[in-house]
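**Q** my questions are about this predicted structure, shown below with the sequence.
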Amino acid sequence: MTWQRRSFLLSSVSALACPNILRARPLFRFPDYPFRLGVASGDPSPDGVVLWTRLIPSPFDEFYGMKNEAVEVEWQIASDEAMTKIIAAGSQLAEPVKAHSVHVEVFGLRPHTFYWYRFRVGSEISPKGRTRTLPLPEMSVDTVRLGVVSCQKYEDGFFTGFRHLADEDMDLILHLGDYIYEKGGKFNKPRTHRGKTCRTIEDYRNRYTQYKMDDDLQAAHASHPWAVSFDDHEFVNDYAGADEGNGDPQDKLTARRSAAYQAYYEHMPLRRFCIPVRHSMRLYRRFRFGNLLSVNVLDTRQYRTEQPCYNGKQTARCEEVFNKEATILGKNQERWLFKNLTEDKVRWNAIAQQVIVAPRQLRENMYSMDKWDGYEVARQRLFHTLRVGKVLNPIILSGDNHRHSAADINMRPGDPDTPVLASEFIGGSITSRGDGFSMTEYGQRILNLNPHFKYFCDQRGYMRCIITAKKWQTDYRIMDYVERAGSPIETRVSYAIEHGHAGLTKL
Ligand SMILES: [Fe+2]
């Protein structure tokens, strides 16, 4: 069945094609085009993927132009861009309790294959998206290309990076957190957050709506499947575990956190097992690319114990840093990760997560306690697993820091004269911190104090990882400016790790 845009409601011809929809209820007439936030796909498997959209004809009205009732949304997935070869189709209810979002889990697709998809309600047809399934675990795969993004503070600039990302050839985009920022609008910024600091479900929904109205972000979602994980700003700055981060009474906090997680789920292409249950949701999961690569996506926010000796900035390390009971992953996630790392028989073992893992002095013996530097025993457990489990080619991908960096993690952490255990690629931000500079006094200090840090750049962009059996290459894709739209992008520098030779090499 080919869909064509029509200006009237379902005709009798399509009534025969979709009898269930017509039986359900008369079609709701939207005040405006309902697919204003575009489409997305995510969490691919070898035989399927999640397709996402949300009906929102009037994004800034109280009820978004929707009635308090469910609406049936049809979907189609095809093996060609013109969508003439429909492989699967169906319908799903968009319900008001989920802000009229839909998350379709498609099964029965072919491994490592491109697909195109779209949605329809009545005469309204969504933009088209492209997605790709994963290879089968036993498949031999030549090349995998990953995009790694994080930190897209809307206020700080334009999402030009996403426009460039949309034009790339990628197997999967990893979003490592700070998809939104929770604070209220300020003046004198390149763009302005609508509304006050997010506290209620409506606040968070409105914030995602504003971000997702951005054409460049929509283009990046429509071009590739994504695998997302959140950091702190999807809820509140620097929170830990059940902690609120800002001194709200606990009961108010749990309601706020439930609202934040609910809105996150509603706007991301996530599977059913990620549906939040009150103030918790399962986000850690694994993506396997044949015999070449395993990507373990972590959640370092939800299960961590409180940051030790925490003052919000940098501090000397107090005794609490070495507390054996302290954790950044929580017991279950840690056990799950260590099992994957030691059991996956793949060439490259990637750990995609939020905060910097490598030891990093900000000033002499001063550290940030929000990173793995605050959780020394947990970090040692990870390093022990990499070493004793003989994990092949471990690569860490991190977000959060807003500056592009690359670091080696040595057997004796921080001592570059000992063998390299793993390498870490730290992504800059899409917009957070604005235009920035390629080098700063802060950056120079990081490089001087931490010889295992090889690169620093305080400008905006993303990482492009090109992975083959022989080599892992990360290209730092960087823009000159984001405070105005339209910056070109360039590969400023590339670092690589060759199979069999641990440690970063500048290309
Ligand atoms: Fe951020």
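**A** Happy to help now that I have it. Note that the coordinates shown come from a computational prediction; the quantities given were computed from them, not determined experimentally.

**Q** list the contacts for the residue in the stretch 401-507 of the chain that the ion sits nearest to?
**A** In the stretch 401-507 of the chain, the residue that lies nearest the ion is S432 (4.7 Å; C-beta to the ion). C-betas here are computed from N, CA, C, even on glycine. Residues near S432 by C-beta atoms under 8 Å, 6 or more residues apart in numbering: C151, Q152, K153, D156, D178, Y181, H402, R460.

**Q** so the fifth one is in contact with K153, correct?
**A** What it means is D178. Yes - if you go by C-beta atoms under 8 Å, D178 and K153 touch, sitting 7.3 Å apart.

**Q** what residues does this protein put near the ion?
**A** C151, D178, S432 (C-beta under 5 Å from the ion).

**Q** go again with 6 Å.
**A** C151, D178, H233, D400, H402, S432 (C-beta under 6 Å from the ion).

**Q** which SS class is the fourth one?
**A** With DSSP: H, G, I helix; E, B strand; the rest coil as the basis, the three-state label of D400 is coil.

**Q** quick revisit: ok, which pair from the contacts of S432 is furthest apart?
**A** By the measure C-beta to C-beta, Y181 and R460 form the most distant pair in these, at 14.6 Å.

**Q** of those two, which one has the most company?
**A** Shown here are Y181 and R460; by other C-beta atoms under 10 Å, R460 has more neighbours (34 against 23).

**Q** give me the phi and psi for the more buried one.
**A** phi -100, psi 150 (degrees, to the nearest 10).

**Q** same thing with D43?
**A** phi 40, psi 60.

**Q** which residues does it contact?
**A** Counting by C-beta under 8 Å, 6+ apart, D43 touches V49, V50, P225, A227, P269, L270, R271, R285, F287.

**Q** the ion: which of the residues you listed is nearest?
**A** Among the contacts of D43, A227 lies closest to the ion (C-beta to the ion), at 18.1 Å.

**Q** what about that closest one, how many residues nearby?
**A** 23.

**Q** do the same with the one 10 residues further on
**A** Here the count is done by other C-beta under 10 Å, and N237 has 15 residues near it.

**Q** nearest to the ion: which residue in the stretch 1-150 of the chain?
**A** S150 (6.5 Å).

**Q** which residue, other than its chain neighbours, is closest to that residue?
**A** The shortest distance from S150 to any residue other than its chain neighbours is 2.9 Å, reached at G399 (C-beta to C-beta, 6 or more residues apart in numbering).

**Q** now swap in R132 and tell me
**A** With C-beta to C-beta, 6+ apart as the criterion, R132 has its nearest non-adjacent residue at 5.1 Å, and that residue is F114.

**Q** before we move on, what about V228?
**A** H175 (4.3 Å).

**Q** repeat for A485
**A** Closest to A485 by C-beta to C-beta, 6+ apart is F158, at 4.1 Å.

**Q** ok but that neighbour is inside a helix, no?
**A** No - judged by three-state DSSP, F158 forms no part of a helix; its state is coil.

**Q** state the number of residues packed around it.
**A** 23.

**Q** and what of F114?
**A** 12.

**Q** for it, give me its contacts.
**A** S79, R130, T131, R132.

**Q** for the third one, name its beta-bridge partners.
**A** When bridges are taken as DSSP bridges, the partners of T131 come out as Y115.

**Q** contact partners for the most centrally placed residue in the chain?
**A** Nearest to the geometric centre of the chain sits H175, at 1.9 Å (C-alpha atoms, centre = their mean). H175 makes contact with V149, S150, W226, A227, V228, S229, according to C-beta under 8 Å, 6+ apart.

**Q** A502 now?
**A** Counted by C-beta under 8 Å, 6+ apart, A502 has contacts N393, D408, P419, V420, L421, A422, S423.

**Q** quick one, grab the pLDDT at the last one.
**A** pLDDT for S423: 98.

**Q** my guess is it is in a strand, correct?
**A** Yes - S423: assigned to a strand according to three-state DSSP.

**Q** torsion angles phi and psi at D373?
**A** phi -60, psi -20.

**Q** which of the contacts of F114 ranks first by neighbour count?
**A** In the contacts of F114, the most neighbours by other C-beta under 10 Å go to T131, 29 neighbours.

**Q** isn't that one right up against T113?
**A** No - T131 is beyond contact range of T113, at 9.5 Å (criterion: C-beta under 8 Å).

**Q** number of residues surrounding F383?
**A** F383, neighbours per other C-beta under 10 Å, totals 18.
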